[in-house]
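A.B. asks: output the structure for:
(2 chains)
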Amino acid sequence: MRAAGRLVYLTNQQQLGGFNFMENKALFLVALQHELAMAIGNVLDLKAMLKIFLKVCLARLDLRSIHLYLYQNEAASVVIQSSSGVVKLSHFLSIPRRNGGVIWSQCQALNEFSALINSSEAIVMPSGDNFRYGLEIPKYGVIILEAKYQIEPNILKALTPILKKLANSCYASVIHGALLDEISGRKRAERQVKFQSSHDDLTGLYNRSYFNGLVSCALTKSRQSGHIGCAILVGLDRFRLINNTMGHDVSDSILVAIAHRLRTISRLDVNVARLRDDEFIILLPELGLSKALAQPKIENVISQINQLIERPIYTRDNAYQLSCSIGYTLFPEAEMTVNDIIKQSDIAKCKAKRRKPLIGLQYQPYMSEELDNISSYIHEMKLGLKRNEFELYYQPQYTANKKLIGAEALLRWNNPSRGMESPTKYIKIAEESDLIVPIGTWVLRQACQDIKLLEEIGLPDDFKKISVNVSPKQLIQHNFQQVVIDAVKAAKIQATNLGLEITEDVLIDSFDETVLMINYLKSNGVLCSIDDFGTGYSSLTYLKRIPAFLIKIDRAFVANIDTSEENRAIVSMIITLGASLEMDVLAEGVATKDELTCLNELGCKLFQGYYFDRPMPLNQFKELVKSQRRLSKKLHTD
Amino acid sequence: MLTPTFIWHSDSDQLSALKQGIKLAQDANSASVLILACCQNDYPNWAIDPFLRTIEIPIFGGAYPQLIFGESSMSQGVIIVGFSHTLSVSNICQLDQKTTYIEGLELILENDCNLQSHQNFLMFYDGLSLNSEDFIDSFYDCAGCDVNVIGGGAGSLDFVQRPCVFSNKGMLVDAMQFVGLPGPLDVGVAHGWEILDGPYLVTEARGSLTVSINNQPAKDFYQQRVEEISYSKFFQKDFYDVAKLFPLGIEGANGEILVRDPIKTVGSGLQCIGNVPVNSMIYILKSDTESLVAAASIAANCLGSVRPSVLVFDCISRFLYMDQGFKQELAAINATAENSSFVVGALSLGEVANAGSGAISLLNKSTAIGRF
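C.D. replies: Next up, the predicted model:
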């Protein structure tokens, strides 16, 4: 490039040595023009191209400084003067960058001078000991030369064609820049598409389909090398609750934080993917030729995972301490597929969710059998719900002098093949499988219908309400309040005759939302009680804000209260608490007369338990209601 | 104002003399030390670097063909000057690897050289670095107007590149050193060369290598023109013995001549200290002792007389040209240096100073005097 563009009329050296002054001057101007012209367009990047040109100008014209002001749009991109939109002449480049330590773009006098330049005729303005010359770069802006001497007019004139060439080069660079932007934008988009095809949008971890490919490769390699590999599945505990109660923003930021942490697992060949909403899967290939070699490495990674997840996660408004359930499976086994690996680690994770082992749980074949059993049990429950095999029993609640004040509705499943099932079994499975939500809705509706029947036969004077247990999973359904109100309306009952029992745990997880919901239901006549009180960790501050009408003392504190000082102390404290919060207190699971006496002495006035009555079918309960009503009438008559 | 606390020199070419000078400077409570040494001193490579690394105060300076101490020139020995301030010294090494990344180079200058903390700098650099002029240009770009600099290219007259810049990390090669001064610096510069023949057009060049002039191989063209217009002959002589008398000059728009010293031939081209741009108009220059001394005197006279330290970078080729007459140049410089604590300096391979335009430029065959 540098050797190109020779001046034709200078090829005869005999001409050069003997030029007179005027000829030398003309030669100087032509050489200057040529040197400056050669400095234009050597690179396509606009700024780099202009910088080269300015440096040559600075040196050849013996300048103190040199400046470019170019037309720029709102995005600060250089554009042609006549471009549409807002176009402004703005400082673009100066050499040197500063004057007395201040960047030139902040020099008001220079900025003002740039605005005065509007033709190819140079204008001059003295500035201290220096002279500033302004010339137009056609259609693109202006150039300002600052020198300690007065630049000869013929030199300034000689710059006119140079600046036209500079304008052409600006045009080429601007077009080139736009093309580059477009190409790089397209490449960026291609990269993004490629990335998105293999990565999870939210966390940036590998997605499931890409991970499947990695597992497939690892499986093939393991079969060839004999090395054991491992897939570890990590499920966040109770994460759906956070998602439903705190919203997607919070849950997303927690997932991103977890993903970020899992990336830091200190093994070079670890691959982490997001499998589902709150589940991550980690592939550990090549762990050694025996299980004995692999196991410590797996446990080390699981230990790291536990530590990474247990560290509190801080969002803008809150801190969250999470736990996880970890299941894993080893490969290769004979005829094992990628799907098998992921399925087995998932099964082990589900199992771990119940047991919570700190070192995770390795998949074993019996787990699949158990899972199959649970699946068929869930299927049976679904059928049972359809076939009306469920019914509600009612356990009466009394005052100390055995006045009926209400009852708790309890679900019973009369399985046609197995008979009466234990609630401890099917309630737990229903909770874990989410089947609790349709079952809970059925319970609500059925209880309302039963209340209607009780209302028709007439309720005793002291009777307050029938209470229905509400699962945490029901509570986090966005339409739960509506389900309750609809059930009340559909059965056409007094809303005050229905009560809901919620546990402390629900309150801890989503306090503000639950309080809002309880208040809403209260305003519609449906009151709530706090069930199993004493087993959770409610602070007094929180309790004061819960608009519940009743605290139910957990049966664990009632059992043997007459002989256990510790239980007495706890129950006494709960009763005092109830009094100070202006809530009634009911003791659950009262089984003996001694327990009743003790509770009475401590100030408890409401009771439920086998000592009074076992849970009974509706018809039996209706009879009880009738007899209580008769008794109450008789007392009134007497 | 930067106060010199200690000035010392020795004619010994032994490392022990340098060690002694540094120890004395430290004993005199110097917070920073300038070291000017002669290239031909016998400083073994294996010993000099470990010693320099043990010095706990900032050191700076270079190894030059000759030194100036008052009115004397020294062809061996060392000059040590201690200062009361802890001066900020920045070193940029491996210049050859950095020129292709001008933006990166500017980043280094912005980030490592405390440019915004100082307005005045001393500069010591490897005079045989091919990229030194690019760095100097970039330095001006980053530092800005109203920044004053004086400096000189270190290295030996055999033009073989060796470690030549003193630093606390050892002797540096292919390096540039900036020393930020806490107070003002006055700079005077002049060369005293005038047009003998020309103009000619540089038709091909690569950095500091002029490949062709008027479309002819630069070496042939130059030698032919010099032989035609003077009685000098290149035949059977070392190239530089003749070329030192007839440097090239690039004419600027303000009429000033920027001197370029053709130090050797490379193939059919001329290797100068400093770039000769393609399409620039050049001349063959001439001078005589009287003009050179007069120019040095002008450079010295334009400085004030307030500041105590006088540092001179005088091109080695002026000494080679004037030989015995060079004493007159030193006398002229010293004559104007009244009230100064010292006049020290080096005969350098290229000088750096603010040119007439105010820009910091790489000069050849010039006298650059700084007073601070």
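A.B. asks: neighbours of A:Glu582, how many?
C.D. replies: Neighbours of A:Glu582 under the rule other CB atoms under 10 Å in any protein chain shown: 7. Quick note: C-beta positions are derived from backbone N, CA and C, even for glycine.
A.B. asks: dihedrals phi and psi, it?
C.D. replies: Note on A:Glu582: backbone dihedrals following degrees, to the nearest 10 are phi 60, psi 50.
A.B. asks: could you do A:Cys350 as well?
C.D. replies: The phi and psi values for A:Cys350, taken as degrees, to the nearest 10, are phi -60, psi -40.
A.B. asks: these two touch, right, it and A:Ile326?
C.D. replies: No. Using CB atoms under 8 Å, A:Cys350 makes no contact with A:Ile326, being 11.2 Å away.
A.B. asks: of those two, who's got more company?
C.D. replies: The neighbour comparison of A:Cys350 against A:Ile326 (other CB under 10 Å) goes to A:Ile326, with 28 against 19.
A.B. asks: could you check how far that one is from chain B?
C.D. replies: Counting by CB to the nearest CB, to the nearest Å, the separation of A:Ile326 from chain B is 47 Å.
A.B. asks: beta-bridge partners for that residue, please?
C.D. replies: A:Val234 (DSSP bridges).
A.B. asks: contact partners for it?
C.D. replies: For A:Ile326, the contacting residues are A:232-235, A:302, A:305-306, A:349, A:352, A:360-361, by CB atoms under 8 Å, 6 or more residues apart in numbering or on different chains.
A.B. asks: just among the residues you listed, which is most surrounded?
C.D. replies: Using other CB under 10 Å as the neighbour test, those are led by A:Leu233, with 29 neighbours.
A.B. asks: which SSE is the residue nearest to that residue when sequence neighbours are not counted in?
C.D. replies: Excluding its sequence neighbours, the residue lying closest to A:Leu233 (CB to CB, 6 or more residues apart in numbering or on different chains) is A:Ser345, at 3.9 Å. Taking DSSP states H and E as the criterion, A:Ser345 maps to helix A:338-355.
A.B. asks: which outside residues touch that helix?
C.D. replies: Residues outside helix A:338-355 that contact it (CB under 8 Å, 6+ apart): A:212, A:215-216, A:219, A:231-235, A:237, A:275, A:279, A:281, A:325-329, A:331, A:333, A:360-364, A:367-368, A:370-371.
A.B. asks: can you tell me which of these are buried?
C.D. replies: Neighbour counting by 16 or more other CB atoms under 10 Å in any protein chain shown classes A:212, A:215, A:219, A:231-235, A:275, A:279, A:281, A:325-329, A:331, A:360-363, A:367 among the contacts of helix A:338-355 as buried.
A.B. asks: just to revisit the earlier point, wait, which of the contacts of A:Ile326 is closest to A:Ile80?
C.D. replies: The nearest member of the contacts of A:Ile326 to A:Ile80, counting by CB to CB, is A:Val234 at 57.1 Å.
A.B. asks: after the helix or strand of chain A with the lowest mean pLDDT, which helix or strand is next?
C.D. replies: Sorting the helices and strands of chain A by mean pLDDT, DSSP states H and E puts helix A:13-17 at the bottom, at a mean of 38. Using DSSP H and E, the next helix or strand after helix A:13-17 towards the C-terminus is helix A:21-38.
A.B. asks: other SSEs contacting the helix or strand following that following helix?
C.D. replies: Later in the chain than helix A:21-38, the nearest helix or strand by DSSP H and E is helix A:46-60. If you count contacts as 3 or more CB pairs under 8 Å, 6 or more residues apart in numbering or on different chains; DSSP states H and E, helix A:46-60 packs onto helix A:21-38, strand A:65-72, strand A:88-95, helix A:153-198, helix B:132-143.
A.B. asks: so which residue is dead centre in the chain?
C.D. replies: In the absence of a named chain, chain A is used. Chain A has A:Asp252 as the residue nearest its centroid, 0.7 Å off, counting by CA atoms, centre = their mean.
A.B. asks: my question was about chain B, not that one.
C.D. replies: For chain B, B:Gly152 is the residue whose C-alpha lies nearest the centre (CA atoms, centre = their mean; 2.0 Å).
A.B. asks: just to be sure, it is in a helix?
C.D. replies: No. Going by DSSP: H, G, I helix; E, B strand; the rest coil, the assignment for B:Gly152 is strand, not a helix.
A.B. asks: point out where chain B drops to low pLDDT.
C.D. replies: Low-confidence segments of chain B (pLDDT under 70): B:97-110, B:112-115.
A.B. asks: domains of it?
C.D. replies: As given by automatic domain parsing, the domain ranges for chain B are B:4-190+B:291-371, B:194-286.
A.B. asks: now the ones you listed as CSV including distance to chain A?
C.D. replies: Converted to CSV, the domains of chain B look like this (distance: least, CB to the nearest CB, whole Å):
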stretch, distance to chain A
domain B:4-190+B:291-371, 3
domain B:194-286, 4
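A.B. asks: could you dump those domains to TSV with distance to A:Phe195?
C.D. replies: Formatted as TSV, these follow (distance: least, CB to CB, whole Å):
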stretch	distance to A:Phe195
domain B:4-190+B:291-371	29
domain B:194-286	44
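A.B. asks: which one of these lies closest to A:Asn154?
C.D. replies: Proximity to A:Asn154 (CB to CB) singles out domain B:194-286 among the domains of chain B, at 10.4 Å.
A.B. asks: tell me what the lengthiest strand in chain B is packed against?
C.D. replies: Scanning chain B for the longest strand, with DSSP state E as the assignment, gives strand B:194-206. Under the contact criterion of 3+ CB pairs under 8 Å, 6+ apart, strand B:194-206 touches helix A:13-17, helix A:21-38, strand B:209-213, helix B:218-229, strand B:248-251, strand B:281-286.
A.B. asks: starting at the chain centroid, how far to that strand?
C.D. replies: 23 Å (CA atoms, centre = their mean, to the nearest Å).
A.B. asks: just stretch A:300-319 next, same as before
C.D. replies: Averaging C-alpha positions (CA atoms, centre = their mean) puts stretch A:300-319 14 Å from its chain's average.
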